[in-house]
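A.B. asks: Please work out how this folds:
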Amino acid sequence: MYRRHNTLNHSNRPRVLCQICGQEFRSQGELKNHTNVRHEDPQFKCTLCDRMFHKRVTLSHHMKVHADERKHLCSYCPKAFFVKKQLKEHLNTHLGLRPFSCPHCPDTFAGNGARYNHIKLRHKPHTITSS
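C.D. replies: Numbering: from 1, shown residues only. Okay, here's the model as predicted:
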């Protein structure tokens, strides 16, 4: 196992390059996963809130959100969230924080979802250049 880890992670094997964004990967499998998640439209839709997901397992994890009680309350407004991470990103809007940066332009965002939507709408795969 140690030898396999070293071979996969520390060898001078050629890297596999994403032709859309220029990101490098150690294997074709990693590139395929990256392409499915970052450059293809999500295929799995939540029937309760209409959110879309790239993987069925991610949708399954998301569905637990609807079964739980909203425990994370915003101290600035009446909103409540199932997941602490969602509250943290929401608080960024009240605090004027925009810690999520677009890798292709100077735009910044309060949440990762807003950044993702921006990249999909403004930097479609045929317009993305590697830096």
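A.B. asks: Give me the distance between residue 103 and residue 78.
C.D. replies: Residue 103 sits 34 Å away from residue 78 when distances are taken as CB to CB, to the nearest Å. Yep, even glycine has a C-beta here, placed from its N, CA and C like the rest.
A.B. asks: which secondary structure element contains residue 117?
C.D. replies: Under the assignment given by DSSP states H and E, the secondary-structure element containing residue 117 is helix 112-122.
A.B. asks: Now do the buried residues in that helix.
C.D. replies: By neighbour count, and taking 16 or more other CB atoms under 10 Å as the criterion, the buried residues in helix 112-122 are 114, 115, 118, 119.
A.B. asks: Please tell me how far residue 37 sits from residue 44.
C.D. replies: Distance, residue 37 to residue 44, using CB to CB: 12 Å.
A.B. asks: ah, wrong one, I meant residue 22
C.D. replies: Here the distance between residue 22 and residue 44 works out to 27 Å (CB to CB).
A.B. asks: Comparing these two, which residue is more hemmed in?
C.D. replies: Using other CB atoms under 10 Å, the more surrounded residue of residue 22 and residue 44 is residue 44, with 15 against 11.
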